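Enquirer: Build me a model:
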Amino acid sequence: MECDATSHQRILREGKPDWDLDVIAGPRGAVLFALDLAYEPDLQERVFRFGSPRDCTFRFPVPAYIDQPQEVLRVDADGITQVKHTVQDGIIEIRDQVSRVAIYVVSLKAGESQRLESQRQALIAQEESVGFAPDRDPDDLAVFKELVERK
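Expert: Presented below is the predicted three-dimensional model:
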């Protein structure tokens, strides 16, 4: 499917970067990204530290043909969730509680949540069939650590 990046916005809070909001639109709808910029680097552990999820209102400009989406969904590691939204004058407004990253799918057809959930479950089953689970098995995690140390 062909898509185009149609919008990028940097949202500031008290003069500091708070969120980057991006829109990729295609013929079936759009994917909206909210990237949390309110983090602090932890130089000792060499990771970024994000705060707790916070109440947010995101306003994404979308192409005119996305004036009546049938579904607006958040997609994350926990699954597919319908989100409350409004559409007015080419803006989709989403109120949510998030941290780090939020990915939203705007579908022009009903049934997208079931299609995505079916694909997600198939991927989970395929992953589990491999029997490699570094998130649950310390021995599998050690394999990843060894690969990193080789570099």
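Enquirer: okay, CA-based contacts and neighbour counts for the rest of this
Expert: Noted.
Enquirer: helices and strands around the top helix by length along the chain, which ones?
Expert: In the chain, with assignment by DSSP state H, the single longest helix is helix 112-130. Secondary-structure packing of helix 112-130 (3 or more CA pairs under 8 Å, 6 or more residues apart in numbering; DSSP states H and E): strand 71-76, strand 79-82.
Enquirer: Out of these, flag the one nearest residue 98.
Expert: Smallest distance to residue 98 across these (CA to CA): 10.4 Å, for strand 71-76.
Enquirer: Tell me which strands that closest one pairs with, and in which orientation.
Expert: Using DSSP bridges, the strands paired with strand 71-76 in its sheet are strand 79-82 (antiparallel), strand 101-107 (antiparallel).
Enquirer: Now do it: distance to the chain's middle.
Expert: Centroid displacement of strand 71-76 relative to its chain, using CA atoms, centre = their mean, to the nearest Å, is 8 Å.
Enquirer: List the contacts of the spatially most central residue of the chain.
Expert: Residue closest to the average C-alpha location in the chain (CA atoms, centre = their mean): residue 103, at 2.2 Å. Neighbour list for residue 103: 31-34, 74-76 [criterion: CA atoms under 8 Å, 6 or more residues apart in numbering].
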